[in-house]
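1. here is a sequence with its predicted model. Questions after.
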Amino acid sequence: MRILLVGNPNVGKSALFSRLTGLNVIVSNYSGTTVEYKKGKTLVNGAEAELIDVPGVYSLSATSKAEKVATEMLKEGDVIINVVDATNLERNLYLTLQLLEKNIPVIVALNFWDETKHKGISIDTKKLEEMLGVPVIPIVAVTAEGVKRLVESIPRARKHREKRTDRERWIRIGEIIENVQRISPKKHSLIQTLEDLTIKPLTGIPIAIGIVILVFVLIRFIGEGLINYLLNPLFDLYLPLMQRLSQLLGEGFLHDILIGQLINGRVDFLQSMGLLTTGLFVPIAMVLPYVLAFYLVLGILEDSGYLPRLGILIDAVTHKIGLHGLAIIPLLLGAGCNVPGVLGTRILESKTQRFIVVTILSIAVPCMAQTAMIYGLLGGYGLRGLGPVFLTLIIVAVLLSFALSKIIGGEAPETFIEVTPYRLPRMRFLLRKLWWRTRSFIGEAVPYMLLGVIIINVLYTSKIIDVLGRFASPVISGVFGLPKEAVVSLLIGFLRKDVAVGMLIPLKLTLKQLIIASVVLTMYFPCIATFVVIFKEMGLKDTVKAFLIMVFSTFIVGGILNLIL
Amino acid sequence: MTTLEELKDREEAVIIAVNGGAMFLRRMSSLNLREGKTVRKITSQPLRGPVIVEIDGRRYAIGKGMARKIVVRRVQE
Ligand SMILES: Nc1nc2c(ncn2[C@@H]2O[C@H](COP(=O)(O)OP(=O)(O)OP(=O)(O)O)[C@@H](O)[C@H]2O)c(=O)[nH]1
């Protein structure tokens, strides 16, 4: 049996999906989190069934890509669980009525049942069941209340085949609402005041700026705290161990791979480039703390429901450079890791918008791992070092967006954003998401990092590096003004940006060279993992286009920086 | 009669007509933005940014161009 979860955006389908399948899926408080349909298995009264989380849609009228996809997917289902937001019954019933026209058995899960009470909404579920002619089960997806009953009731799902016009649907919904729903007016609550303050431009814009600054401060505070009080002390204890191991191993290949090169006769976590030294230190002691901090703060922003508001406040500005306001969400995700950023562009409807955002992401948005390393490299210089790097990237992003939207045409489509209600983030979800994302960072970073370290050692011991250096020096030295040894860093940058930035440390670059190298490393290529995802998402043609834009803009920007700095 | 775009902040109005192509109408209808519904304008963003409206306690940000196509009559307080 194949069960489809269908409902409006942000009605808790993903929360229900993870309840039913035990799988971890991202649950966030904004529309369009479920960008790719997800499949899982669940038990229905003893028999195994396939469960599919269909992207959220307001209707099946095929007015958007998601709606077309959802309509297509309906053909494959044996039964539909229509997830309905009980606090917004009228609008949700439109999709319900359309589903009832589809000749597939339907059962309604009346989610957000917990919220109806304090919103002063009462719904007569028996009556609703009668009028719809299908079972209606109140549930709370996040606490699993009612979920067991929902599953047990699946066999009672019924199909209808009534056909209605748009007008007739609304008339029917009017009758239903009249009969089943009572709303007692509630006085203005604190949440509503907050809603108003954060959306009205006069107060909303300063608050948004404040929040963005707070985000940066928090990430830095948490990241540095972890490094200074936890990870550095830990690695201080670890250092003598490596020192000892180095002596035990003596000179040779094994030493080069595991420990790397000794710097002034000692192990140096930043420069030795061995598997057990730099290979562990960079991802764990320099990058992980910031990744953790970033995802914690992002999780709070996501779950509270603030992100769409940021998209709305910035929409007028982004439209001027050809972008939809919601583009801010994948860009923000990309600042964590470009991979989810690229996937997150599915929130944007038009293909050109997606292409523009993907290109900007891979060129001008360094992931947290890289940012952490750039910070480590240039932070000592303060604004004089970090300013030019990030300012350049911002200018590049704006110009790219502007140029691309002009060239490949198509103004940003008109804004339509549902302002999702504020909710208090749930600790359980927050921590689970954080754990899940951090784990996937470690799972991805460590193997690539180790591979990178091995390649570096092979390149050095086999002297291939000298050949490559000579070969690349017209560009690297001629255009970018960097020493030819920087070629290794650019090579490793295909794999991991954080190690690549780390490899600049032994080169003893000047401030100007550090700035240029940081910018070039960000722009010329995203890491290989991101590139693969871009290819999967956008196809060969767009990937090639994006790649050419990367190479071209890196030359221009790197060259200009070399001239003007 | 006026449009959603021209309503003042906090003003309530009833939707009289939604102008535009069949696709636009269907899209608006599925969002419950349809004839006879009462809407409240919350605010509009500067620099020709989106208009924020409330219907049945839910808020939506819609582009100026869309807001202009939705004709409404003010509800007298
Ligand atoms: N209070 C309460 N919150 C819920 C309930 N179900 C879901 N939520 C919250 O509602 C938000 C949206 O949930 P999701 O599961 O991401 O919604 P979705 O339908 O998958 O959304 P899209 O993927 O965007 O279509 C999250 O913040 C959830 O924590 C519920 O029954 N009660």
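-> Done, it's in.
2. got phi/psi on A:Arg161?
-> With angles defined as degrees, to the nearest 10, A:Arg161 shows backbone torsions of phi -140, psi 40.
3. who's in contact with it?
-> With contact taken as Cβ atoms under 8 Å, 6 or more residues apart in numbering or on different chains, A:Arg161 is in contact with A:101, A:103. In this view, the C-beta of every residue, glycine as well, is placed from N, C-alpha and C.
4. got the confidence number for the residue lying closest to A:Pro105 once chain neighbours are set aside?
-> Of all residues not flanking A:Pro105 in the chain, A:Ala157 sits nearest, at 3.7 Å (Cβ to Cβ, 6 or more residues apart in numbering or on different chains). pLDDT, A:Ala157: 89.
5. distance from the helix ranked longest in chain B to the middle of the chain?
-> Assignment by DSSP state H gives helix B:22-30 as the longest helix of chain B. Offset of helix B:22-30 from its chain centre (Cα atoms, centre = their mean, to the nearest Å): 13 Å.
6. show me what the helix or strand that that helix is followed by is packed up against.
-> Using DSSP states H and E, the helix or strand that follows helix B:22-30 towards the C-terminus is strand B:38-44. Packing partners of strand B:38-44 (3 or more Cβ pairs under 8 Å, 6 or more residues apart in numbering or on different chains; DSSP states H and E): helix A:190-199, strand B:12-18, strand B:51-55.
7. can you say which of these is nearest to A:Leu99?
-> Closest to A:Leu99 of the helices and strands packed on strand B:38-44, according to Cβ to Cβ: strand B:51-55, at 21.9 Å.
8. note down every partner strand of the helix or strand just after that closest one and its orientation.
-> Next along the chain after strand B:51-55, taking DSSP H and E as the criterion, comes strand B:58-62. Within its sheet, and counting by DSSP bridges, strand B:58-62 is paired with strand A:416-419 (antiparallel), strand B:51-55 (antiparallel).
9. excluding chain neighbours, what is closest to A:Leu361?
-> Nearest non-adjacent residue to A:Leu361 (Cβ to Cβ, 6+ apart): A:Gly334, at 4.3 Å.
10. what's the most buried one of the helices and strands packed on strand B:38-44?
-> strand B:51-55 (a mean of 22; mean count of other Cβ atoms under 10 Å in any protein chain shown).
11. spatially nearest residue to A:Gly341 (excluding sequence neighbours)?
-> What sits nearest to A:Gly341 in space, not counting adjacent residues and going by Cβ to Cβ, 6+ apart, is A:Gly334, at 2.5 Å.
12. burial measure for the one you found, as a count.
-> 28 (other Cβ atoms under 10 Å in any protein chain shown).
13. so it sits in a strand?
-> No - assigned with DSSP: H, G, I helix; E, B strand; the rest coil, A:Gly334 falls outside any strand and is helix.
14. coming back round to it: need the helices and strands packed on strand B:38-44 in CSV with distance to the ligand and mean pLDDT, can you?
-> Below are those laid out as CSV (distance: least, Cβ to the nearest ligand atom, whole Å; pLDDT from 0 to 100):
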stretch, distance to the ligand, mean pLDDT
helix A:190-199, 12, 90
strand B:12-18, 25, 93
strand B:51-55, 19, 94
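15. and A:Gly250, its phi and psi?
-> Dihedral angles (degrees, to the nearest 10) for A:Gly250: phi 70, psi -180.
16. could you check how far it is from chain B?
-> Note on A:Gly250: its distance to chain B, by Cβ to the nearest Cβ, to the nearest Å, is 67 Å.
17. burial of that residue, as a residue count?
-> 8.
18. tell me the contacts of it?
-> Taking Cβ under 8 Å, 6+ apart as the definition, A:Gly250 has no contacts.
19. double-check that A:Gln203 belongs to a helix.
-> Not quite, residue A:203 is Thr, not Gln. Yes - checked against three-state DSSP, A:Thr203 lies within a helix.
20. gap between it and the ligand?
-> 24 Å (Cβ to the nearest ligand atom, to the nearest Å).
21. so where does B:Val72 fall, helix or strand?
-> Judged by DSSP H and E, B:Val72 forms part of strand B:70-74.
22. residues touching that strand, excluding its own?
-> Outside of strand B:70-74, the residues within contact range by Cβ under 8 Å, 6+ apart are B:1-4, B:7, B:11-19, B:28, B:33, B:39.
23. angle of that strand against strand B:58-62?
-> If you take axes from the mean of the first three to the mean of the last three Cα atoms, to 10 degrees, strand B:70-74 sits at 130 degrees to strand B:58-62.
24. now strand B:70-74: buried residues?
-> B:70-72 (16 or more other Cβ atoms under 10 Å in any protein chain shown).
25. any stretches of the chain with poor pLDDT?
-> Going with chain A. For chain A, applying pLDDT under 70 flags the ranges A:24-37, A:187, A:410-411.
26. the intended chain is chain B.
-> B:77.
27. coming back round to it: who are the contact partners of the residue nearest to A:Gly341?
-> For A:Gly334, the contacting residues are A:340-342, A:344, A:361, A:365, A:367, by Cβ under 8 Å, 6+ apart.
28. how close does it sit to A:Pro283?
-> 19 Å (Cβ to Cβ, to the nearest Å).
29. contacts for the longest helix of chain B, please.
-> Contact partners of helix B:22-30, identified using Cβ under 8 Å, 6+ apart, comprise A:58-59, A:61, A:63-64, A:94-95, A:166, A:170, B:18, B:20, B:34, B:66, B:69-70.
30. repeat that with 10 Å
-> A:8, A:57-64, A:67, A:91, A:94-95, A:98, A:166-167, A:169-170, A:414, A:416, B:15, B:17-21, B:33-35, B:37, B:62, B:66, B:69-70 (Cβ atoms under 10 Å, 6 or more residues apart in numbering or on different chains).
31. only the buried members of the residues you listed: can you turn that into a PyMOL selection?
-> With 16+ other Cβ under 10 Å as the burial test, the buried ones among these are selected in PyMOL as follows:
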select buried, (chain A and resi 8+57+58+59+60+61+62+63+64+67+91+94+95+98+166+169+170+414+416) or (chain B and resi 15+18+33+34+37+62+66+69+70)
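32. A:Ile219 reaches A:Ile300, doesn't it?
-> No - under the criterion of Cβ atoms under 10 Å, A:Ile219 is not in contact with A:Ile300, lying 11.5 Å apart.
33. higher neighbour count, the two?
-> Per other Cβ under 10 Å, whichever of A:Ile219 and A:Ile300 has more neighbours is A:Ile219, with 24 against 15.
34. quick revisit: what's the closest of the contacts of A:Gly334 to A:Val134?
-> For the contacts of A:Gly334, the nearest to A:Val134 is A:Gly344 (34.3 Å; Cβ to Cβ).
35. okay, the contacts of A:Gly334 in CSV with neighbour count and secondary structure next?
-> Listed next are the contacts of A:Gly334 as CSV, based on neighbours: other Cβ atoms under 10 Å in any protein chain shown; DSSP: H, G, I helix; E, B strand; the rest coil:
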residue, neighbour count, secondary structure
A:Pro340, 18, helix
A:Gly341, 26, helix
A:Val342, 28, helix
A:Gly344, 23, helix
A:Leu361, 27, helix
A:Val365, 25, coil
A:Cys367, 28, coil
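36. what's the burial count for the nearest residue to A:Gly325 once chain neighbours are set aside?
-> In this structure, A:Gly325 finds its nearest non-sequential neighbour in A:Asp315, 2.9 Å apart by Cβ to Cβ, 6+ apart. Residues lying near A:Asp315 (other Cβ under 10 Å) number 27.
37. in terms of helices and strands, where is A:Asp315?
-> Judged by DSSP H and E, A:Asp315 forms part of helix A:307-320.
38. which secondary structure elements does that helix sit against?
-> The helices and strands touching helix A:307-320, judged by 3 or more Cβ pairs under 10 Å, 6 or more residues apart in numbering or on different chains; DSSP states H and E, are helix A:190-199, helix A:201-226, helix A:288-304, helix A:328-336, helix A:383-407, strand A:416-419, strand B:58-62.
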